[in-house]
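Enquirer: just coords:
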């Protein structure tokens with residue numbers, strides 16, 4: 001575990017040294033604090049290696065067992081407040097790790113698209129939630145048949161034979177944003193590939209956009225009103241569902257490794273962004289160094 005902590009710290013230092021223009025910048029008199037952002041990032045990621053997903057639990061771990069590595073570790077209130085400023089830094093580190101992942105991808109392989117909710121509140125509490133309302137709102141999760149207040153994490157992942165798919169694009173939208181609307185507004189480029197989605201994606205305009213870049217869309221056929229699907233259409237839907245299944249495995253792996261779906265303890269927009277991008281950075285680290 002000691003080596004793991006050192007590796008995480010060196011990763012944070014490398015990204016800050018080579019990409020400082022896109023990391024969090026301080027312009028105050030405290031531009032060089034004794035307890036650095038690099039240490040803060042290493043601690044947050046190290047906590048996830050120990051299956052600790054809440055800031056307080058991570059701070060407690062370091063304070064109790066690893067303080068000799070971090071003698072300037074601040075109190076929990078300061079620790080949490082400073083961590084909430086680092087969403088941009090986590091995005092920069094995630095971008096660096098994504099470049100390393102890109103070396104394993106083959107552009108011609110099929111891609112899968114889907115989304116998963118990140119929930120600040122759910123059920124009856126969704127309509128009274130007030131946290132991060134500038135970036136989140138009430139949406140519906142069809143798989144869980146439940147309303148939630150939060151954001152949607154959208155992902156396009158590349159299929160791999162006998163292995164979990166590799167994400168190629170990940171972005172966040174408010175909870176009420178339909179999957180089709182979200183992907184229309186997101187710049188996607190999958191030339192010469194196939195995109196496999198669910199029933200949300202069959203749309204003439206979207207299909208034309210994909211055809212312009214030589215991308216083929218595969219999605220289940222919807223049942224016509226008052227009619228039944230033919231036997232061929234049912235077999236086709238079953239095939240598409242099988243092809244889509246790996247991205248469900250990816251989302252489940254992501255939830256198991258980071259607990260990203262539960263954001264009930266987040267209390268601000270900044271905290272929500274760190275919750276999402278910090279955990280996605282940890283997941284990208286696992287994909288790169290622990291495939």
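Expert: Happy to help now that I have it. This structure is a prediction, so every number in the text was calculated from the model and none was measured. Residues are numbered from 1 along each chain as shown.
Enquirer: Mind pulling the model confidence for the nearest residue to residue 44 once chain neighbours are set aside?
Expert: Of all residues not flanking residue 44 in the chain, residue 278 sits nearest, at 5.8 Å (CB to CB, 6 or more residues apart in numbering). The way it works is simple: take the backbone N, C-alpha and C, and place the C-beta from them, glycine included. The confidence metric pLDDT takes the value 97 at residue 278.
Enquirer: Count the residues that sit near residue 278.
Expert: 26 (other CB atoms under 10 Å).
Enquirer: Is it in contact with residue 89, as I believe?
Expert: No. Assessed by CB atoms under 8 Å, residue 278 is found out of contact with residue 89, at 9.2 Å.
Enquirer: Name all residues that sit in contact with the two at the same time.
Expert: Counting by CB atoms under 8 Å, 6 or more residues apart in numbering, residue 278 and residue 89 have no contacts in common.
Enquirer: Look up which helix or strand the residue nearest to residue 44 falls in, please.
Expert: helix 269-289 (DSSP states H and E).
Enquirer: what sits up against that helix?
Expert: With CB under 8 Å, 6+ apart as the criterion, helix 269-289 contacts 7-8, 11, 44-45, 48, 53, 83-87, 90-91, 93-94, 97-98, 100-101, 118, 120, 131-132, 134-136, 151, 153, 166-167, 170, 172, 254, 257-260, 263, 266.
Enquirer: can you tell me which of those residues are in strands?
Expert: 118, 120, 151, 153, 166-167, 170, 172 (DSSP state E).
Enquirer: what residues are up against the closest residue to residue 120 other than its chain neighbours?
Expert: Distances taken as CB to CB, 6+ apart place residue 150 nearest to residue 120, at 4.5 Å, with adjacent residues excluded. For residue 150, the contacting residues are 117-121, 136, 139, 175, 263, by CB under 8 Å, 6+ apart.
Enquirer: Please state the offset of stretch 69-78 from the chain centre?
Expert: 27 Å (CA atoms, centre = their mean, to the nearest Å).
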